[in-house]
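Trainee: what follows is a predicted protein model with its sequence.
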Amino acid sequence: MLKFLLALRRAALLVCVIIYAGSLFIGPGRAAGALAVGKCGAYGQAFDYAGEAGALAAARKQCRGLCTTVVMKRACAALAVDMANPCGAHGYAVEPRISSSLNAATKKCYAFGGKECVIRAWACDARG
């Protein structure tokens, strides 16, 4: 009985090691994202890309007009737009947690003169 329990314990330990080692190789591979922000509420977003270049290209492709892009790596990004004047004030932020990015984007929108700021878009990558 003791030999069986030791064998079972070793098997469980081996499974844990394999899962942990696999997560080291699989998890970080998709940890890049981007948010593109344009005029009048235009935006594009990409998340869980293998690299920053792919995420930036995908976000820019979705955004219409001249857009500013920000990278999110193991984080969350949010865009807030003034609904009273969608072509006016806006704010965006990249933070480690979704709640922080939503709050920061909304605060920036109000700081730039927004009257009725609401979240227009948000995204988190693999670790955000």
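Mentor: On my side now, so go ahead. What you see is a predicted model, and the numbers here were worked out from it, not measured in a lab. Residues are numbered from 1 along each chain as shown.
Trainee: just checking, what packs against the helix or strand that contains residue 120?
Mentor: Using DSSP states H and E, residue 120 sits within strand 117-124. Here strand 117-124 touches strand 32-37, strand 43-49, strand 76-82, helix 98-111, going by 3 or more CB pairs under 8 Å, 6 or more residues apart in numbering; DSSP states H and E. All C-beta spots, glycine's among them, are computed from the backbone N, C-alpha and C.
Trainee: any stretches of the protein with poor pLDDT?
Mentor: The chain contains residues with pLDDT under 70 at 1-30, 127-128.
Trainee: and it, what are its domain boundaries?
Mentor: 1-28, 31-124 (automatic domain parsing).
Trainee: and those, which is most packed in?
Mentor: Of those, the one with the most neighbours on average (mean count of other CB atoms under 10 Å) is domain 31-124, at a mean of 19.
Trainee: distance to residue 69 added to the helices and strands packed on strand 117-124, as TSV?
Mentor: Output for the helices and strands packed on strand 117-124, formatted as TSV (distance: least, CB to CB, whole Å):
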stretch	distance to residue 69
strand 32-37	5
strand 43-49	8
strand 76-82	10
helix 98-111	15
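Trainee: closest one to residue 68 among the ones you listed?
Mentor: Comparison of the helices and strands packed on strand 117-124 against residue 68 by CB to CB identifies strand 32-37 as nearest, at 5.1 Å.
Trainee: name the residues that touch the strand holding residue 120?
Mentor: For strand 117-124, contacts defined as CB atoms under 8 Å, 6 or more residues apart in numbering pick out 33, 35, 41, 43, 45-47, 72, 75-83, 89-91, 98, 101-102, 105-106, 109-110.
Trainee: quick check: bridge partners of the nearest residue to residue 106 once chain neighbours are set aside?
Mentor: Nearest non-adjacent residue to residue 106, counting by CB to CB, 6 or more residues apart in numbering: residue 80, 4.6 Å away. Counting by DSSP bridges, residue 80 is bridged to residue 91, residue 119.
Trainee: one more: residue 49?
Mentor: Bridge pairing for residue 49 - DSSP bridges - gives residue 32.
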